[in-house]
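# I would like to see how this sequence folds:
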Amino acid sequence: FIEPLVRLLVRPLRSAHPAAQRLIYTNLPEAFVSYFKVALLAGLVLAFPVIVYQIWMFVAPGLLRHEKRVALAVVGWGGVLFVSGVLFAYGVVLPQALHFLLSFAGPGLTPQLKLDAYLTFVARSCLAFGLAFELPFLMVMAVKSGLLDRNYFARHRKYSYIGICIIAFLLVAGDLVSTVLVAVPLCGLYEAGGLIGRMFGGKQTTEE
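Numbers count the residues shown, from 1 in each chain. Alright, predicted model coming up:
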């Protein structure tokens, strides 16, 4: 089943630059190790719902009814947002990023992409956006729980944007183009989380 998975991961490259879709490997174990990593990641993804279910069956008997509702909301919305982020990265961001990065190829410059480096880039980008899409949910939870007041995020917007840029830079390991592609949607998600928090948050504090 590994070949279809690798073809699926290479699809954004094919749509961005058909001439560069042939990947190479420069040492003998690289292809085997790369395929093993893909198989391991696929196994973890497939096993994750079972792991969550087993954890829930262990924890649920000790929770009160309202605690169960909160836990289910956290797991449900958190999972939906993470998957949405991964799909957004795969379907929108990766083709655009690859198209831009490969646009520098020309008569004297031919891209030769290594299998391991490409798969790492795809996995890291999908993980970064999956985590990034959790931001609005975490913001709303912070307001609903009373940890922060409903206008906290609006007051600290400037510092939050700086933090977002730093986090985006670290998530993509210093690639400038990918940093921008992560930071811009993150800022939009930050504004969405702040807006929803103001709409459905608790009472305003006297400081407001």
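# C-alpha only now, for contacts and for neighbours.
OK.
# residues of the lengthiest helix in the chain that come out buried?
If you go by DSSP state H, the chain has its longest helix at helix 30-59. Of all the residues in helix 30-59, those buried under the rule 16 or more other CA atoms under 10 Å are 31, 34, 35, 38, 39.
# same thing with stretch 7-16?
Neighbour counts using 16+ other CA under 10 Å place 9, 10, 11, 12, 13, 14, 15, 16 of stretch 7-16 among the buried residues.
# can you check stretch 182-202 too?
Taking 16+ other CA under 10 Å as the neighbour-count basis, stretch 182-202 is seen to contain the buried residues 182-183, 186-187, 189-198, 201.
# List just the nearest of the buried residues of helix 30-59 to residue 86.
The closest of the buried residues of helix 30-59 to residue 86 turns out to be residue 38 (CA to CA; 15.6 Å).
# And stretch 142-151, end to end?
The first and final residues of stretch 142-151 sit 12 Å from each other (CA to CA, to the nearest Å).
# what about it, average pLDDT?
When pLDDT is averaged over stretch 142-151, the result is 81.
# Check the offset of it from the chain's centre.
Using CA atoms, centre = their mean, to the nearest Å, we find the averaged C-alpha position of stretch 142-151 to lie 24 Å away from the chain's own average C-alpha position.
# Next, the buried residues of it.
When neighbours are counted by 16+ other CA under 10 Å, the buried residues of stretch 142-151 are found to be 142, 143, 144, 148, 149, 150, 151.
# right, and the fifth one touches residue 141 too?
No - with contacts defined as CA atoms under 8 Å, residue 149 does not count as touching residue 141, sitting 11.1 Å away.
# Okay, now the unreliable bits of the protein?
Applying pLDDT under 70 to the predicted model, the residue ranges of the chain that meet it are 1, 19-21, 171-175, 201-208.
# let's go with 90 and repeat that
Within the chain, the ranges that satisfy pLDDT under 90 run 1-28, 30-31, 34-113, 115, 117-158, 160, 163-190, 192-208.
# can you map out the helices along it?
Taking DSSP H as the criterion, the chain carries its helices at 2-16, 30-59, 65-88, 94-102, 115-132, 135-144, 152-155, 157-171, 176-200.
# The fifth one versus helix 157-171: what angle between them?
To tie it back to what came earlier, the one meant is helix 115-132. Between helix 115-132 and helix 157-171, the angle formed by their directions is 150 degrees, by axes from the mean of the first three to the mean of the last three CA atoms, to 10 degrees.
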